[in-house]
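[1] the following block contains a protein sequence and its predicted model.
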Amino acid sequence: MSPPADTAALASTSGAPLAPLVAAQLNFVLSQANLPIRVGQIWSGCRDGRYADRFTLAIPFCLDYVYWDFLYNALSPKVAPDVVFGPDDEGFQPLVDFDETGSGEKSCLANWDCRDTSALLSLIKELREFYIEYQKKRAAEVDDARLKFEISTVLSKEGIEVCTVSSNGRPDEVKFAVPLLDLDLAKLVPGCPWKLPQKIHLQAVFPISRSYSSVPSAPRLKLVSTPDLKSFFSVDDVKLPPWLDGMCMAEYLPNLEENLKIQVVEASASIGSRRRFIEALAPTFGRPLEADPIFCRKATILSISGIFTFLVHFVIPLQFPKHQPVLTLESSQHFNAQGLPIMSAPVNDYPWSPRWDPTEMVERIYDFLVDECQTFKKFCSDSIPQQK
Amino acid sequence: MAVGDDAAPAATKISISGAALAALLQRCAMADGDCDGLLSGRASTTPAPPPSLSDYDDHAPAKSTPAISLSISGHSSLSRPSSLSDPLGRFHPSAAGPASIGFFSSRRRTALRPSMRELSLAHSLSKSLALAHPLLFLLVSPSSPNLSTHSYDHRAFLLIGSRLVPTSLHVVNVGPVFRDQYHSFAPDSPMPWLPLAQHSSSSAAAAGDAHTIGEQNAVDGVVDGFGLGKLQGILGSAAGQAAEMDGMYAGMLRRLEKLAREVEKSNLLVLKQENRNLLLRFRYAGLE
């Protein structure tokens, strides 16, 4: 399918502008949706190709994306858009189901108003809900005793998504995306800039076993977080509890969630210790030129030794103070052939103890830098004549 | 559920004449945006070929299943998107023609898969037409990289069970393969049946009066200014007079001429109105 493009660039491939009413609805989706919806290709369905009126949207589903084509008609603005789903979703027929259950009048399509900028977002939300249900139904049809049990026990958990993964037209895996920790992660970070709600999911991929005799193999487990969360908490550092033979997700999840909760709380405490470290830089090095005020992951100070002026960049790891900050020195006086300031390699092998208080940490770094900056200065002056 | 539930999928053959396909593609290409419409044609169940025709009988193994042959003879369309259904894909019952066997949908530069609304329309149309064969759906996706070259992707589908199953579409022109369609053709003329009056020719005028206004109207629909009595004379006498025949032919031409003028005039009005509508739609959509 079409590759997803940058959300900011709403220009069609042919350069034709989106019809104004369509553009208003699409912009509303991109600015107001609490899901990371992305726009792929945009193109025109008009005879003369003057206005673009159709586009592919990447809709997040089950820790992946589904690609749906939304077809408007620029010259018939009042006609509600039509949607073409992915090639594997032939069986997804939301409007046919409406007709059979008689619930069509509740749909936002029943009273489509092309001047309502929120109309497209409502349609996407509505279709996505139906799609989640459709995939649940498909997963429930899989003929595997263990999966039937998992689905019957876990599927009621709020926000869970599930889908079947097929190869050669035959489903051979069932993928669960289980949202973990119903706490509001944004509240743990003061002054948090996140616009979208942040979540940690457990992705569990169960192979469908065709033989009844064998012991079912363990699912492939992986923690997945929303991308913005990475500056606060890295799920890659979490060690997953082991999956024992004969275990089911309902047993596994409480243990995992408890474990995870402790680590998330620790991560939020780590912000405090990073902040105290940055604050402790000021008395020794002077006020930092720049510092990350929210996650306290970065700080830069300006320093001087004799006439040699240089910057020191601190990158403070998530596991601070267990792991020490990574230092990079940047000269303010030496430039390479491209005109960029010369930088040192990242340094993280200087003396360190997590038990020192922040003031001592800063003083020890200061002592280290007194010698290190001479080495760096020599490195800078050495690299200049080489280029001449 | 759908009528096509228990239809045998393999035994359905879909054909369209080259001229009908060309007209359909022309309609799709000339529409400002997307368009849809009904397909008319006829369905015939080809019985197992009789043994006497064994010379041409190369379908002997398929004898057990009665083959359905769907032939598309034309289309009707309003040249605008979603003219057959509401936004939820429910069919507007007012638009159904008598010989509809399915519908088509044209959308520019899109995937050749049924869309959400087309699927729903297929179900709803199938219910409302109550066809004896699976509903036919023809999806056309015209694209024109420039305005002088057009290419058309198209794919035919049959509604089998709850799904639209892709089916091959044969484009045929008049030839031996098309013969079965002539065999299944039933002539149907609006001309009234006028048996020759049994009494003497002196009372011909009186006999002319005996015909109903309905019959006269039917004749007027075909020939201009030709009395029923005269027509009866031609039809009744085995010989028929050449002059009378010529007269009738001239009347038919006059009638055609008149119809053509009317069509020309009304087309002009339609075109004017279309342009006016287009301007209004432009303004509504906020386009310049």
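    On my side now, so go ahead. Residues are numbered from 1 along each chain as shown, chains lettered A, B, ... in the order given.
[2] please count neighbours and contacts with C-alpha atoms only from this point.
    Noted.
[3] where do the strands sit along the stretch 101-250 of chain B?
    Listed in chain order, the strands of the stretch 101-250 of chain B (DSSP state E, counting those that start in this stretch) span B:136-146, B:149-160, B:163-167, B:169-172.
[4] most tightly surrounded among the ones you listed?
    Of all the strands of the stretch 101-250 of chain B, strand B:136-146 has the most neighbours on average by mean count of other CA atoms under 10 Å in any protein chain shown, namely a mean of 21.
[5] so what does that strand touch, helix or strand wise?
    helix B:18-30, strand B:100-106, strand B:149-160 (3 or more CA pairs under 8 Å, 6 or more residues apart in numbering or on different chains; DSSP states H and E).
[6] quick one: closest of the ones you listed to chain A.
    helix B:18-30 (7.5 Å; CA to the nearest CA).
[7] what residues of the closest one count as buried?
    B:20, B:21, B:24, B:25, B:27, B:28, B:29 (16 or more other CA atoms under 10 Å in any protein chain shown).
[8] format these as TSV; extra columns: pLDDT.
    As requested, those are exported to TSV (pLDDT from 0 to 100):
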residue	pLDDT
B:20	89
B:21	91
B:24	92
B:25	91
B:27	89
B:28	90
B:29	87
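[9] before we move on, back to that, want to throw the strands of the stretch 101-250 of chain B into JSON lines with distance to residue A:336 and mean pLDDT?
    Below are the strands of the stretch 101-250 of chain B laid out as JSON lines (distance: least, CA to CA, whole Å; pLDDT from 0 to 100):
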{"stretch": "strand B:136-146", "distance to residue A:336": "49", "mean pLDDT": "85"}
{"stretch": "strand B:149-160", "distance to residue A:336": "55", "mean pLDDT": "88"}
{"stretch": "strand B:163-167", "distance to residue A:336": "63", "mean pLDDT": "91"}
{"stretch": "strand B:169-172", "distance to residue A:336": "68", "mean pLDDT": "86"}
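[10] could I get those strands as CSV with distance to residue A:99?
    Output for the strands of the stretch 101-250 of chain B, formatted as CSV (distance: least, CA to CA, whole Å):
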stretch, distance to residue A:99
strand B:136-146, 19
strand B:149-160, 16
strand B:163-167, 15
strand B:169-172, 29
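[11] domains in the chain, by residue range?
    Looking at chain A here, since you left the chain open. As given by automatic domain parsing, the domain ranges for chain A are A:1-138, A:142-270, A:297-387.
[12] ah, no, chain B please
    What the record gives for chain B is the domain set B:3-183, B:201-284, from automatic domain parsing.
[13] quick one, which of these is packed in tightest?
    domain B:3-183 (a mean of 18).
[14] the helices and strands packed on strand B:136-146: which one's closest to residue A:60?
    With CA to CA as the criterion, residue A:60 lies closest to strand B:100-106 of these, at 29.1 Å.
[15] ok, longest helix in the chain?
    Since you didn't name a chain, this refers to chain A. helix A:249-285 (DSSP state H).
[16] that's the wrong chain, I wanted chain B
    helix B:242-284.
[17] got JSON lines for the helices and strands packed on strand B:136-146, with distance to residue A:252 too?
    Formatted as JSON lines, the helices and strands packed on strand B:136-146 follow (distance: least, CA to CA, whole Å):
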{"stretch": "helix B:18-30", "distance to residue A:252": "57"}
{"stretch": "strand B:100-106", "distance to residue A:252": "51"}
{"stretch": "strand B:149-160", "distance to residue A:252": "44"}
